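Undergrad: Please work out how this folds:
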Amino acid sequence: MENNPSSSRTDRKTAERNRRNQMKALYSQLNSLVPHQNSREPVLSLPDQLNEAASYIKRLQTNLEKMKEKKDSLMGVERTNYASMASCNGTTTGLRPPQIEVREMGSTLEVVLITGLDSQFMFNETIRVLHEEGAEIINASFSVVEDTVFHTIHSKVEDSAPSNGAARISQRLKKFVQDDCAF
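TA: This next block holds a predicted model:
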């Protein structure tokens, strides 16, 4: 290789230009992921964009922690109630066994979960399974008649192969209910 100073200077300039272009593209990508309050706002400077992204990430982390704590407290309370009710009766024979029915209507699933007052955690687990399978919850409701709780969940299954997704979700939910009844 030649020791030509102008050649190495050109190489350094090119490398620096490529680095700046790559950083600009990465900043732009980061900025596109941050929700903006008003599209009519003036374009923010780069440091302001980075501060906004950092603040947004911190808010997401805080919200995630709060949601985890809420989920843990709700799951812990409901599971404890179920366990204490079963142990108070000495057996689970006096408790209503859960039932589930899954109806497929195109890309929409209707899940009807019937439980006793002692099995409220099953609703949460049903929602969890639907989320894991990529279903979007459209509506969820419940009604209580004496010692029976009727949960109805409407969800939309991904458009990619809805029948396979619906069948898989139905199978998982029925297995979950059957496994719970086995205990």
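
Undergrad: Kindly confirm my reading that residue 131 forms part of a helix.
TA: Yes. Assessed with DSSP: H, G, I helix; E, B strand; the rest coil, residue 131 lies in a helix.

Undergrad: Please name the residues that touch it.
TA: residue 137 (Cβ atoms under 8 Å, 6 or more residues apart in numbering). For every residue, glycine as well, the C-beta is placed using N, CA and C.

Undergrad: That one and residue 121: what is the separation?
TA: Separation of residue 131 from residue 121 (Cβ to Cβ, to the nearest Å): 15 Å.

Undergrad: likewise residue 130?
TA: Shown here: residue 130 relative to residue 121, a distance of 15 Å by Cβ to Cβ.

Undergrad: for the closest residue to residue 134 other than its chain neighbours, helix, strand, or coil?
TA: Closest residue to residue 134 apart from its sequence neighbours, by Cβ to Cβ, 6 or more residues apart in numbering: residue 158 at 4.9 Å. Here residue 158 is coil, with the state taken from three-state DSSP.

Undergrad: now the host helix or strand of residue 122: how far from the chain's centre is it?
TA: Element membership for residue 122 (DSSP states H and E) is helix 121-132. Computed by Cα atoms, centre = their mean, to the nearest Å, the chain-centroid distance of helix 121-132 equals 11 Å.

Undergrad: list the buried ones in the helix or strand just after it?
TA: Sequence-wise, the next helix or strand downstream of helix 121-132 (DSSP H and E) is strand 136-145. Neighbour-count burial for strand 136-145, counted by 16 or more other Cβ atoms under 10 Å, picks out residue 140.

Undergrad: Likewise for stretch 28-37?
TA: By 16+ other Cβ under 10 Å, the buried positions in stretch 28-37 come out as 30, 31.
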